[in-house]
Structures are given as C-alpha cells and as structure tokens.
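Participant: only the shape, not the letters, is given here:
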Ligand SMILES: Cc1cc2nc3c(=O)[nH]c(=O)nc-3n(C[C@H](O)[C@H](O)[C@H](O)COP(=O)(O)OP(=O)(O)OC[C@H]3O[C@@H](n4cnc5c(N)ncnc54)[C@H](O)[C@@H]3O)c2cc1C
Ligand code: SF4
C-alpha cells in the first residue's frame, strides 16, 4: 500500500472540494471495507484519503408515514438489518443487508459504500492490467468467467456485486447526491453505468460527488416483497445471482410489480419489458413457468457461465410461487 | 534400558521410509483392550487451551526480538522467464532499507534437489523468488519491493498438465516435463486376463482439482544469530528437517542451529519442508547483524508453498457377476507444478480390496505453476475419490448394494506385500457406520427422489498407513517435589501433542497432569523425534513417553526397595508413593526417594519400539454422508457425516474429535468448493485470497458423528495407537460424491462438486 494523507473533513462541502480538486489522487473513504482492500492490493493508490465519517449527520434511518424511508449514506449495513421499522415496512431490505458478507463487514460497511463498491472480477482484483484498470483487454471474456455477466456485457463483463442495489432497484429507490455545492436527486436505475457507455466506472457520480441519502418510497399496503441470493458458500460470499421482487397482487394475480436481478449483468439488472408482463400473471406453476422463461431471453453467456440462466429462472419461479 | 539397532520400515507422507532405528530390546506389553486407564483416552482439555483462547499463546509471528528487522520477498509476476537484469539501486536508496538479496549477491544454494537455487536466474512460476528486501519496517520492505526493476526475457509457459505432457510443450526444465521422464508403474497378476474373465467391465475418467493447504497461520520464521549460533523460530512440522536444511544450506554444523516452534496454526503437509524464506532470512540476518522476521502473506501462501496436485484418473474395473473383483487398472497424471514432487494416487486402488490383477501407470507432470507438496494424505484423497466413486458405479452396474460390493472384496492380507495387517476392523466400521447413518432404512435407489430438495446417502472406505515407528525418543525428568518434565523433539501442529504426552506420563506415574510440564518443539533441548506428517506423531512418540515413564517407575521402585530394605517385587507403586506389600505402613514418597538418592532429579529416556516384523500397519475406516441437493440451484448441502474408523487406541477423545471434525470439514471443502483457479492465458492464479479461494465455514459444517471401532492395536506398540490426522479427510469427498449420485442419479466425476456442475448435469439428464 502506498502512503497517503488522511483527511478528516468537517463538512460535505469540504470533502467534495478536495475530491473535486484531485479527482485522481483523492478517494472518499466510508467504512473502508472495500476501499482498504483496494488500497492494500494497489488497485488504487490514493494520495489523499478523505474520511467521510468525520462529516456529521450522515448516519440515520428515518421513516415518515405516507412518504417513505430515508437512510443516511453512512448508515452501516448492520443497523439496516436491525432497524425495527425496516423489518416491518421493508423486510426485503433487511433481508438483503443480512445477506451481505459477514457480521464483521456489516458492522463497518455502509449503505452508500455498498452501492459504490468496485467490481469483484478476479482479474480486476489481481495484478491484471485489464480494460477497467486502463489496460487494453478484458481477460475474463475468454478466460475464467464463471462468475461474470450473461447479459449487458462488453467490452467489460463484470457483474455488479452489491446485494442492496438489487432490492433498492426493485423498491424504486432514489439517491441524493451532493457535489459542486448543490444536491441532485437521481433514480437508482439511472445511477449505474453499463460498460458499453463507460467501462471504467460503475456509476455516474462525477468527481467530487458524494451520496448523502437513499430514499425509498412508501410501499402500497398490499405490496409483497422477497429477495433471494444464491451463493456457493453459506456465508461470506457474493451472490452468484440474486433476485429481488416487489409485487402487488390481488388474490393470486399480480397487479403490478418489479423484478430486479443481481449477478447477471454489469449493473443491477431490471428488464422493463419483463416487468410489463407481470400484471395479470397468476401466481401458479404454469403461468409463472411461462413468465420466467422470458427472463434473460437475450442472454449471451460466456464460456463458463451458461448455468446462470436456468439458475436465475429457477430462483425467480420459486420466489414468485412462494410470495 | 538396553537398546538395539534394527531396520525400521513404515510409510509416511513421502512414501515408504526405510531407516535403521534404535529401539528398546524388551518390548513393554501393550495396554490391552480392557486395561483400566484413568487418563489416557479421556476427554482431557488441551493443556495449551487457556493460552490459545486468551490470545496469550505466542506463535512464530509473535516472536519479537530487540532490533528486529523485517523481510519481504519479491516474487515473479510471470510464469516463466529469464532474468536479464535486476536493478535494486532505487530500492536500496529508500531510507530504512538494510539489505537486498538477489541472485547477484547470494551464494549459490541448491534447492529442490538441485533443480534450482535459492535465487535462480530463471523463474518458473508466478511466485518464484526473485529478491528479498530487509528493512526497518514491514512497510518499508514492501515499498522497496515496488522499486526493484526486473528485466525479464519472457519464455513460453505451460500450465495445463495434459499440454505439458506433449513433446512440443514448452519445457519447465531442460530435462523435460515428466518426473523421471517416465511413469511410475505397478502391476500384479495378469490384468488383461482378469478383464477377459470378467462378467462386467466398468470404465470411466474422474478428475480432481488443485487445492491449497491455507492453514490459518502463515508460513513464518524469525531468525537471530548469537556469534556463530543461529536460532530459528519457525512454523514447521519438521523441526529437525528445518535444522538440517538450514545447516546444510549455510554450511554450518547442525549443532549450531536451534529450531524452535512452540505453537502452530496448522500445516497440513505444507510445512513439512524447510522454506527458502528461512534460509534467506538467516543469510541476511548474519550480514546485517540483526534479527529478521520473514512472514508470508496470504497471496504468497496461495502461490508458493504447496498444494495438493490435481489428477485425471482413467479407471477400469472387471468383476464377476457376484461382485468379485478380477482386475483393476489405473492411468493417471497430475500437475506437480514447477519443481519435482509426485502426483501418484493409485494406492487406494492397489490396497483397499482383494483383487488379483492390478496395473497402474502414473505420471507426475511439471508445469509453470506453484509446486505441489504433501497435503494431508497425499495421493489417497484424490485416489479415493476416483476409486470409490467407481466402486459405486460398478455396484450400480452389477445391481449390488455398494456396501455389499465392498464387503465382498474384503481382504485380511495386504494385497501388495501379501503380509497380514496388525489389525483391520473395517468390517466393524461398515457395520457401525451404516447403522448410524440409517443405510438400510433411509437409503433409496439412486435418483428415485422427487421434488426440489433430494436427499441421498453415500459411503466410501478409507485406507492409510499411520502406524508411525522408530526412531522417536522422549526424556522425562522427575523433580524432588514430584513434578515432572516431559521432553520430546516432536511438534504440536495444533493437534494436541502437548496434551497427550502429558496424559501418558500421568497415566503411568499416576501423577496429576497439573504437575507435568511438556517441552516439545525445540531441537536443542529435546531428544530426536521425526517430523509430524503421515499421521505419525502420536503412534511414534506416545510409546517413547510410556517407555520413559515405565523406566522411571522401575527406578523409583528399585530405589524404594533399597530404602525400605526389601526386594523390588515387594514394592507397590501407587500415585507417587511406594510401599511394602508385606507391610503397607512402610511407605515412602517420590520426594523422600529423590532426597535419599541425593539427586535433584531423576532422568530417563524412552524410545519407540520396533514395528513388528512381517506385518503391515494400516488405519482403516469408512465415512457415510447424507446430502441434500437443491435441484433449483444445484447446490449440495452435507447434512450429516458419520466417520467410523479403526485407528488403534484413542489417546484423548477431545483432540481426536478435533482431528476428525477438521479433516471432514476440509474434505467438504475439497468435495464442494475449494479450487485453485488459473488463468490459462497468462499462467497466473486468480484465487490468491481466502475469499475467492473458498474454504468452508461453519455454515458448511454438518452434523458429524464419530465412531471409533478400535480399542488399541496390540501388535504395533506399547500404546497401541495409530494415527488419525489423515484418515479423517481421505474418504469424505468420495462419500459425498456417492451421496450426490444417490440423491440425484447424476454422477459428478470432477471435483469440486459445485452448484453449476450439478445444475447443468441435472438439466442434461432431464
Ligand atoms: C470480503 C468481503 C465480502 C463482501 N461480501 C459482500 C456481499 O456478499 N454482498 C455485498 O453486497 N457486498 C459485499 N461486500 C462489499 C461490502 O458490502 C462493501 O465493501 C461495503 O458495503 C462498502 O461500504 P464501506 O462503507 O466500507 O465503503 P468503503 O470501502 O469506504 O468505500 C467503497 C467505495 O465507495 C465509495 N463511497 C463510499 N461512500 C460513498 C458515498 N457516500 N458517496 C460516494 N461514494 C462513496 C468509496 O470511495 C469507495 O470507492 C463484501 C466486501 C468484502 C471485503
Ligand atoms: S470483466 Fe471487466 S474488470 Fe474483469 S477483466 Fe474484463 S475488463 Fe477487467
């Protein structure tokens, strides 16, 4: 790890200014669970490490009846998992938070850090100068790509590693972003960037921008939600694939809903045309089987990850039938 | 005590070991099955437990010496290259850098049987040593590494053993890519005829992956010179091996090298050899005149200090309709990495069952990857997976119950040497193990389960050596206050050596364990014991401690006889007191005896006796696994493992369970998730941390039931102990694979049995 200056800003403005002034040399640091690993492996070598935790007022969970939930950027995943309001109103969020990493990492890792974590592609994490690190080739494409994407890839084939992003997408979340001395709001679905547009960044934050809050709208009374994460190891493992579902139904029929998928694409994946097919679907074997056969229709698996397609379909089917 | 020198022969991790060994002339009678032992065999808590759970225990890494410096190795980032030049000038200029060693300024010290040297000018795998920096701090040493400029002439490389075997493949060494240039061969009987006479023939190919030891504790040495004497604290399974390798490398007398290892966080075979890093640290330490600590990081451990070689095994079996095996053949090759080792894995096929006609042909293949080393039951784990998978396939083809097929081919004579076993209780293991798992009641025909979650039961047999043998010595010192010191040059890998050695002395001399101090892990103060591999530690060292303790008892009785003015046979020893049988009021304590002798302590040294002539000593067992396969995802969950083993006498029930639980969990990792993944395009490893290299966690740990079917082998030694460390892991993967087949009707022939393989195999089947 390279030596660095450790900066403890007192305000968002101060933090943002440093980041903006040195877009390549400064790095924002929240819980550090990902940032520290990246630094130790020399994947990033910041000169200035800007500790967001020294900025007060970014760690909160607040719920307003009729309006929804607001979570401060620095809220740790463990707090999200333990919060009684979240457990009651947004159990899917609790479920996703609990599925992340290990208790130790959840105690430190924050929600905004989780959304902004860098890819886990092993070529990226090892000493390969691949496209995403400024090199000229993607090693995964023809290489060991069992854990890579089956859709939306090229020229880089990562999957987005965040579990929370998948459920927040299904929950229609928004982010508040501070930068350039003002705030903007962005829909989570517009936040992530496909490698086709920019293969070096996973989201559209500009230099100096900091996520300050995550907002989740009130869910209708009759909404049902569920999340399933498939991992090879029972704990301390990223999703091979994951599915989040937020569905309104009447009797056994879907009125409307959203399905979001993790582990299949370079961004948390939502297929609008698939979601458009949800209304009217009866939640029983035949129609659900029919519906899930539409999932990842346009998938183009790599040499070692064709299994992800049936896996995601099977999981989604089970999820919907058990809703 | 009178001793003699005999020829000693036994199998260890490195294969057959034949030595001359000094052994006692008179063998002590072994504790019989109904010996009433008070301490041995009991669940005594670890003597080092308190220190370990409180964090007080000082491991090698915790050794901190005044003026200590820190070393870090620069390793090759490419799989194969010649070093054109190295420029260390910038690194040397970094404040705090004390010394940099490269091939330019390092003496030529042969390594790996002379196939390379300490710092070679040709690097043969990602991870090969290029330079070493010693600095005032770890941070400075690491920073300095990035300032060293190496100009490589890149050479072609090969990472796939099947490619490496081809004539046109890039050569890892000029002399070729196959160890010895030829296969290792074994045969008995007439295999072709055996196949001709068979009613049923079964043939298939099975394969296993490379797995890495990844013990919790990193490989680490701390070295310090005092004049011409070198002390090395090392995390090792082979104290004396390290001592001699360092002495030889540095051309110094072995008596001037002292190796110390107090506590250890696992080795699994990866620490059976002296590391280059220890020698490098010693060289630099001598030059700078300060102690050096060198500790490998997790990445180095995944690249450079060993692994279990992979295997491709083509097996063929011929049997009569009733299941009698008539012929077996085995062809295999495995990847040993960049320097010599062996990948042979046919021993289970040669020895598990009676079969008159057997042929094996095995290739150990060099590639440009980290070198293989012994890893917990080397060869047997790979071999048992393939062979015991095939036995189940054969049973299916014959329409026989898998257990029946195995019972049918049971042998009491070792089929290779034609000698009888000292003891073999595998039939009891089949019986008790199958009852415990519910073989009869619960096991259904393969693939008959329906629904999302499908359960199945499978089993596999286990054979391994593990009888230990001489030479092994132990010295005990009895003090005037009746406290006792046990000393033996063995080591505790975390397996419980400290505790069982104290138990033996406590048993014989009837002294409380609290009064016994055990010193092991020190080449200077302790008498010689062999390395801790091949499941040999307990079977080799425990009889030496009993021998020393019994001698001590005899000495005390003899002294008491003299003091109490009676014959030795009229003296009764009980709990540290000697009394006259004919006059129990005449009683004398250890303290009084020692005082009268005018010695401050009494010392005896015991030795492991010879193994019996004309026998084979093996451990046996069977493991039974119940699994549940999720057909939606392909994920296999192990629900229960029953481990029924014949391992002679149990010394300590708690540490025995630790060994079996640990081995089974490691076996589950091998069966289901662990795998070193290599990018074949660049020859580089992708799994260099223990997140991507998936070791199992408590979530993967099933219910484990241990059944020991043996009560002590009367022929092998005075304690009747056989080893358990390696038996524990041998049959686990095969039992799981057979259970997966039973659950789904799908045979996964390559390890690890990951969800994607099962899911794809299930969808192909449907
Ligand atoms: C071993 C391991 C296993 C893991 N397993 C999982 C898993 O199973 N599922 C999963 O979802 N995640 C997993 N993670 C990721 C983990 O959840 C994230 O590392 C964590 O949530 C990041 O939060 P942090 O506060 O520590 O972020 P940091 O490490 O401090 O930062 C991560 C990145 O986000 C940026 N960042 C942080 N806060 C902000 C902000 N407010 N605005 C803009 N940018 C910001 C930082 O600059 C940095 O680039 C795992 C991580 C590890 C190390
Ligand atoms: S998938 Fe992306 S991060 Fe991985 S090797 Fe390819 S370009 Fe690099």
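Facilitator: In hand now; what should we look at? Quantities reported herein were computed from a predicted structural model and do not represent experimental measurements. Residues are numbered from 1 along each chain as shown, chains lettered A, B, ... in the order given. Ligands and ions are numbered 1, 2, ... in the order given.
Participant: shaky segments in chain A?
Facilitator: For chain A, applying pLDDT under 70 flags no range at all.
Participant: can you name the residue of it nearest to chain B?
Facilitator: Here the residue of chain A nearest chain B is residue A:234; by CB to the nearest CB that distance is 2.6 Å. All C-beta spots, glycine's among them, are computed from the backbone N, C-alpha and C.
Participant: for the nearest residue to that residue once chain neighbours are set aside, helix, strand, or coil?
Facilitator: Among residues not flanking residue A:234 along the chain, residue B:699 sits closest, at 2.6 Å (CB to CB, 6 or more residues apart in numbering or on different chains). When classified by DSSP: H, G, I helix; E, B strand; the rest coil, residue B:699 comes out as helix.
Participant: tell me who's in contact with residue B:699.
Facilitator: Taking CB atoms under 8 Å, 6 or more residues apart in numbering or on different chains, we find residue B:699 in contact with A:233-235.
Participant: could you single out the nearest of those residues to residue A:196?
Facilitator: residue A:233 (31.5 Å; CB to CB).
Participant: hmm, the closest one is touching residue B:698, no?
Facilitator: No - the criterion here is CB atoms under 8 Å, and residue A:233 misses it with residue B:698 at 10.7 Å.
Participant: looking at these two, which is more packed in?
Facilitator: residue A:233 (18 against 8; other CB atoms under 10 Å in any protein chain shown).
Participant: so which helix or strand takes in the residue found closest to the more buried one once you drop the neighbours it is linked to in the chain?
Facilitator: Nearest residue to residue A:233, sequence neighbours excluded (CB to CB, 6+ apart): residue B:694, at 5.4 Å. Element membership for residue B:694, per DSSP states H and E: none, as it lies in no helix or strand.
Participant: what's the burial count for residue 3?
Facilitator: Reading this off chain A. Neighbour tally, residue A:3, other CB under 10 Å: 8.
Participant: the intended chain is chain B.
Facilitator: When neighbours are counted by other CB under 10 Å, residue B:3 registers 15.
Participant: OK, contacts around it?
Facilitator: B:22-25, B:607.
Participant: name the residues linked to it by a beta bridge.
Facilitator: residue B:24 (DSSP bridges).
Participant: got the contact list for residue B:582?
Facilitator: B:566, B:570.
Participant: hmm, try it at 7 Å
Facilitator: residue B:570 (CB atoms under 7 Å, 6 or more residues apart in numbering or on different chains).
Participant: how far away is it from ligand 2?
Facilitator: 87 Å (CB to the nearest ligand atom, to the nearest Å).
Participant: can you check residue B:63 too?
Facilitator: 40 Å.
Participant: picking that back up, need phi/psi at the residue nearest to residue A:233.
Facilitator: Note on residue B:694: its backbone torsions stand at phi -90, psi 100 [degrees, to the nearest 10].
Participant: next, count neighbours for it.
Facilitator: Counted by other CB under 10 Å, the residues lying close to residue B:694 total 21.
Participant: that one reaches residue A:232, doesn't it?
Facilitator: Yes - at 6.4 Å, residue B:694 counts as touching residue A:232 under the criterion of CB atoms under 7 Å.
Participant: what touches both of the two?
Facilitator: Common contact partners of residue B:694 and residue A:232 (CB under 7 Å, 6+ apart): residue B:673.
Participant: follow-up on the earlier one: can you go through the contacts of residue B:3 and name the buried ones?
Facilitator: B:22-24, B:607 (16 or more other CB atoms under 10 Å in any protein chain shown).
Participant: next, format those as TSV and append pLDDT and distance to ligand 2.
Facilitator: Listed next are those as TSV, based on pLDDT from 0 to 100; distance: CB to the nearest ligand atom, whole Å:
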residue	pLDDT	distance to ligand 2
B:22	90	60
B:23	91	60
B:24	92	64
B:607	97	59
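Participant: farthest-separated two in those?
Facilitator: Most distant of those, by CB to CB, are B:22 and B:24, 8.6 Å apart.
Participant: mutual contacts of the two, please.
Facilitator: With CB under 7 Å, 6+ apart as the test, residue B:22 and residue B:24 both reach B:3, B:607.
Participant: now do the strands for the stretch 601-750 of chain B: every range, in order, please.
Facilitator: B:601-607, B:619-630, B:636-646, B:678-679, B:684-685, B:703-708 (DSSP state E, counting those that start in this stretch).
Participant: out of the ones you listed, deepest packed?
Facilitator: Of all these, strand B:619-630 has the most neighbours on average by mean count of other CB atoms under 10 Å in any protein chain shown, namely a mean of 28.
Participant: tell me the mean pLDDT over that one?
Facilitator: For strand B:619-630, the mean pLDDT works out to 98.
Participant: could you do stretch B:28-40 as well?
Facilitator: For stretch B:28-40, mean pLDDT is 93.
Participant: list the buried residues in that stretch.
Facilitator: Residues B:28, B:30-31, B:39-40 are the ones in stretch B:28-40 that count as buried (16+ other CB under 10 Å).
Participant: and residue B:12, what pLDDT?
Facilitator: Per the predicted model, pLDDT is 69 at residue B:12.
Participant: how far away is residue B:427 from chain A?
Facilitator: 36 Å (CB to the nearest CB, to the nearest Å).
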